[in-house]
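Visitor: show me how the following folds:
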Amino acid sequence: MKHPIVLPSTNQVTRLLFKYEHVRLLHVGPLALLAYINNHYWVIRGRCIARSTVGRCIQCFKTNPKFVSPFMAPLPRERVTIARPFARTGVDYCGPVMVRSGLRKVTPLKSYVCVFICLVTRAIRLELVSSLSADNFISTLSRFMARLGQCQEFFSDNGTNFVGANQILQTHIQECQKSTKVYNFLSSRSIDWHFIPPSAPHFGDI
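Guide: Sure thing, here's the model as predicted:
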């Protein structure tokens, strides 16, 4: 319409018009309701009235209920027991990342980041590794404990939480975790390694 009728926002007729059109248009949303009314009228503060009309509609409220977030479960023992930082640690890999050894034109090398997370203090330690082999993980773990002290418990991912191209990364991670070299190293230092269930990141105690 070239010259639409101007309607004030405080008039009761305006609100009745919005309510009528909202029901006639089968309870459309505020944007669709305002777009239809703007074809015939020019309503001052029409967006606010459209939102108020849809928000006060009882039928729309019943058909679009709000989902209630579930209550968080109690924190596990590893999170609430006082301990030295990184005594209970979660470990995982991320990457790959391309690393250059200098500022000049140097061929980038594919590397990975080993992430150590303290379950008590939520502190994070990042270690750069050149590959996902068991030997490299043992070297990274030895360097980590030499700087931050002996660990008592380790928690790591054991599920298919990577998709697409990261499936290869997850395969190497599981091979590293199940390696006898890694278990022998952990047993010699009295470290307990716990695996969380597959596809259950909320079991990671983080």
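Visitor: what's the first helix or strand after the lengthiest helix in the chain?
Guide: Looking across the chain with DSSP state H, the single longest helix is helix 134-148. Proceeding N to C from helix 134-148, the next assigned helix or strand is strand 153-156, under DSSP states H and E.
Visitor: elements contacting that next one?
Guide: In terms of contacts (3 or more CB pairs under 8 Å, 6 or more residues apart in numbering; DSSP states H and E), strand 153-156 is packed against strand 88-99, strand 192-195. In this view, the C-beta of every residue, glycine as well, is placed from N, C-alpha and C.
Visitor: now these in a markdown table, with mean pLDDT and distance to Phe67?
Guide: Formatted as a markdown table, the helices and strands packed on strand 153-156 follow (pLDDT from 0 to 100; distance: least, CB to CB, whole Å):
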| stretch | mean pLDDT | distance to Phe67 |
| --- | --- | --- |
| strand 88-99 | 85 | 29 |
| strand 192-195 | 74 | 31 |
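Visitor: could I get these as JSON lines with mean neighbour count and distance to Ser52?
Guide: Formatted as JSON lines, the helices and strands packed on strand 153-156 follow (neighbours: other CB atoms under 10 Å; distance: least, CB to CB, whole Å):
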{"stretch": "strand 88-99", "mean neighbour count": "18", "distance to Ser52": "46"}
{"stretch": "strand 192-195", "mean neighbour count": "14", "distance to Ser52": "53"}
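Visitor: now render the ones you listed as TSV, adding distance to Ile37.
Guide: Listed next are the helices and strands packed on strand 153-156 as TSV, based on distance: least, CB to CB, whole Å:
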stretch	distance to Ile37
strand 88-99	51
strand 192-195	59
